[in-house]
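Asker: got a predicted model here, sequence first, then my questions.
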Amino acid sequence: MKLTWYGHSVFHIEGGGAKILIDPFFTGNPSCEVSHEDIDADFILLTHGHADHYGDTTAIAKRTEATIVGNFEVVNYAQKEGCPNAHPMHIGGGNTFPFGHLKLTIAHHGSSMPDGSYGGNPAGLLLTIDGKKIYHAGDTGLTYDMKLLEKEQVDLAILPIGDNFTMGPDDALEAVKFVNPKLVIPVHYNTWPLIEQDPQAWGARVEEATSAKVKVLTPGESFEL
Ligand code: NI
Ligand code: MN
């Protein structure tokens, strides 16, 4: 499958016969030069309601008729905004979609919607696509619950390292030890000065301390998993 990172927490995945977009924050994303109008999607997966994750969901969903998937409150908001197709879930629940399986995992964070309304609890995404397991942690602090994911034999973990709003580099390293994935991609850093980090230095620390490989992407870069 082909994965593309558009900076911050935005991923586009072509796999399982579908185009899957995660946390589509294009407009106002300083690390992304791509317009949401150039992005195609069959499914939009949302970790939580904050504006830097909900992003251009409404515009993309109205244009593409993509199905919005996320917690009940976030999906409910998207439907009120006029998104035509939606599938509500909640933490701990899994479902098999045409592209593969998705389970929402625990994340410790907030989740108000862009208009300030209640967005339920934030989540991480545990995806199984084309036989590969991908864990997108969303926005979260370090939690020992991540240790539960070790038995999932995660192929790729996408972890925030920016600090201030989420795990910083030290806690994200602990998260790698808990999850024990084959490959890690750091995200949610260098979007703004407040979350400036050195991903290469972090990657070197992770590869020194664990058996995981680290892939540092530049916004817009794609790779095959
Ligand atoms: Ni957030
Ligand atoms: Mn965020």
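Answerer: Great, that's in hand. Ligands and ions are numbered 1, 2, ... in the order given.
Asker: any idea what residue 156 is bridged to?
Answerer: residue 134, residue 183 (DSSP bridges).
Asker: who's in contact with it?
Answerer: 3, 132-135, 181-185, 225 (C-beta atoms under 8 Å, 6 or more residues apart in numbering). No exception for glycine: its C-beta is placed from N, CA and C like everyone else's.
Asker: any idea how far it lies from residue 67?
Answerer: 23 Å (C-beta to C-beta, to the nearest Å).
Asker: what of residue 161?
Answerer: Distance of residue 161 to residue 67, computed by C-beta to C-beta: 30 Å.
Asker: tell me which of those two has more neighbours.
Answerer: Taking other C-beta atoms under 10 Å, residue 161 and residue 67 do not tie; residue 161 has more neighbours (27 against 20).
Asker: and the more buried one, what is it in contact with?
Answerer: Counting by C-beta under 8 Å, 6+ apart, residue 161 makes contact with 167-169, 172, 186-189, 197, 199, 202.
Asker: closest to ligand 1 out of those residues?
Answerer: Using C-beta to the ion, residue 188 is the member of those that lies nearest ligand 1, at 8.5 Å.
Asker: leaving out sequence neighbours, find the closest residue to that closest one.
Answerer: Sequence neighbours aside, residue 160 is the residue nearest to residue 188 in space, at 3.5 Å (criterion: C-beta to C-beta, 6 or more residues apart in numbering).
Asker: check what pLDDT that neighbour gets.
Answerer: Among the per-residue scores, residue 160 holds a pLDDT of 98.
Asker: that one bridge partners, please.
Answerer: Bridge pairing for residue 160 (DSSP bridges) gives the partners residue 187.
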